[in-house]
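Chemist: using only what follows, build the 3D model:
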Amino acid sequence: MESIQAEINAIQSQIKALKQERQQLTMKQVLPETNSPADIAQAYRRQAREAPEQFAEIKGIDDAIVALETQLSQKRRQLQQWQRQTPIQQQVEQSRQQAQVHAQRINQLAAELAAEVKALKAIADDISPSYWQVYYKPFITGFKDISVPHVRSDGDVWTIVNRLV
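Modeler: Below is the predicted model:
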């Protein structure tokens, strides 16, 4: 719960900083150095040249504020849901999130392991005939039943299955 509140605070401070930056950009006024007609014309020309860049920057800031406000509302809803849960529900949800991280890591490692096993099998298939001729025995055995774990979930129930490589 503290991490969600910290994220909310970080988003709020970022929104505040962006709004201040936007306000500073829109408050720039055309102030010529002197009141001579040439200086006034030059100041307005300079502002006209800078206006497209300034407009694009303001648009980017506005888009960032909208995205952050959307994220802020999602985090607030998540915090409200978290606060309505009983302590055991909170513990289960926290443990479930930790398990999901581990499951993703297992699936990533399983994919890497499967690739390594396939590479080893390709090498073995390539040199096995020559290996037989030299040593009169197989190079590697057991490739028919090689499997790696894979964690999948239907949302509520998680299943660990073995995938054949």
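Chemist: please make it C-alpha for all contacts and neighbour counts, starting now.
Modeler: Will do.
Chemist: where in the protein is the helix or strand with the lowest mean pLDDT?
Modeler: helix 37-84 (a mean of 84; mean pLDDT, DSSP states H and E).
Chemist: which elements pack onto that helix?
Modeler: helix 2-26 (3 or more C-alpha pairs under 8 Å, 6 or more residues apart in numbering; DSSP states H and E).
Chemist: run the angle between the helix it packs on and helix 37-84 for me.
Modeler: Counting by axes from the mean of the first three to the mean of the last three C-alpha atoms, to 10 degrees, helix 2-26 lies at 170 degrees to helix 37-84.
Chemist: neighbouring contacts of helix 2-26?
Modeler: 54, 58, 61-62, 65, 68-69, 71-72, 75-76, 78-79 (C-alpha atoms under 8 Å, 6 or more residues apart in numbering).
Chemist: among the residues you listed, the buried ones, what's the ChimeraX command?
Modeler: Buried members of the contacts of helix 2-26, defined by 16 or more other C-alpha atoms under 10 Å, are picked up in ChimeraX with:
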select :54,58,61,62,65,68,72,75,76,79
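Chemist: can you give me the neighbour number for residue 90?
Modeler: If you count neighbours by other C-alpha atoms under 10 Å, residue 90 ends up with 16.
Chemist: so which helix or strand takes in it?
Modeler: In this structure, residue 90 sits in helix 87-135 according to DSSP states H and E.
Chemist: quick one: average pLDDT of stretch 102-114?
Modeler: The average pLDDT within stretch 102-114 is 94.
Chemist: with just CA atoms, put that stretch into CSV.
Modeler: Extracted in CSV, the C-alpha atoms of stretch 102-114 (Å, rounded to 0.1, in the frame of the first residue of the first chain):
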residue,chain,number,x,y,z
HIS,A,102,8.6,-15.5,-10.4
ALA,A,103,6.4,-17.3,-13.0
GLN,A,104,7.4,-14.8,-15.6
ARG,A,105,11.0,-15.4,-14.8
ILE,A,106,10.5,-19.2,-14.9
ASN,A,107,8.9,-18.9,-18.4
GLN,A,108,11.8,-16.6,-19.6
LEU,A,109,14.4,-19.1,-18.3
ALA,A,110,12.5,-22.0,-19.8
ALA,A,111,12.5,-20.3,-23.2
GLU,A,112,16.2,-19.7,-22.9
LEU,A,113,16.8,-23.3,-21.8
ALA,A,114,14.7,-24.7,-24.6
